[in-house]
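Trainee: Sharing a sequence plus its predicted fold:
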Amino acid sequence: MAVSFHNGQLQIIYKGEECKIKLTDIEYIEAEEWLCKICTADTNYMCAVRFGKLCYQLSEYGFLRCHKGYAVNIRQVKTANSTRLMLKSGRILPVGRAYKNSVIAFFDKNHAKNNSTQ
């Protein structure tokens with residue numbers, strides 16, 4: 001088992017032990033050579049899984065790829081523009097040229113949806 005999902009949690013092997021991370025606690029995922037760094041407010045977990053595969057699996061749980069080396073939990077984004085995302089924690093993630101249009105479209109669509117419900 002490299003990664004699996006169960007009851008709103010990501011299950012990984014971290015330092016030889018099975019570890020469960022709440023999906024809502026994950027701020028972003030970063031590709032680091034052949035590993036993925038899963039970043040929460042408190043801990044960074046290294047996991048041996050392909051970044052592209054993990055991004056694909058997490059997309060249905062509210063994660064958006066914003067750069068060739070980053071995917072973000074959309075619930076953690078405070079502000080977004082065409083070059084960067086600012087997270088609620090203050091961390092800034094880059095938006096890659098290849099992902100710029102999809103990131104802007106996503107946040108424009110959701111901003112419009114949120115304004116229409118207020």
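Mentor: Done, it's in. Numbers count the residues shown, from 1 in each chain.
Trainee: From now on I want contacts and neighbour counts done on CA atoms only, so please keep to that.
Mentor: OK.
Trainee: And the helices in the chain?
Mentor: 51-58, 100-116 (DSSP state H).
Trainee: and among these, the most buried is which?
Mentor: Highest mean neighbour count among the helices of the chain (mean count of other C-alpha atoms under 10 Å): helix 51-58, with a mean of 16.
Trainee: which stretches of the protein have low pLDDT?
Mentor: For the chain, residues meeting the criterion pLDDT under 70 lie at 1, 111-118.
Trainee: Ignoring the adjacent residues along the chain, who's closest to the residue nearest the centre of it?
Mentor: Centroid-nearest residue in the chain, with C-alpha atoms, centre = their mean: V72, separated by 2.7 Å. Leaving aside its sequence neighbours, V72 sits nearest to Y28 (C-alpha to C-alpha, 6 or more residues apart in numbering; 4.3 Å).
Trainee: who does the one you found bridge with?
Mentor: Y28 has these beta-bridge partners by DSSP bridges: C39, V72.
Trainee: For it, which residues are in contact?
Mentor: I38, C39, T40, Y70, A71, V72, N73 (C-alpha atoms under 8 Å, 6 or more residues apart in numbering).
Trainee: rerun at 7 Å
Mentor: I38, C39, Y70, A71, V72, N73 (C-alpha atoms under 7 Å, 6 or more residues apart in numbering).
Trainee: tally of neighbours for the residue nearest to R84 when sequence neighbours are not counted?
Mentor: Of all residues not flanking R84 in the chain, P94 sits nearest, at 4.4 Å (C-alpha to C-alpha, 6+ apart). If you count neighbours by other C-alpha atoms under 10 Å, P94 ends up with 19.
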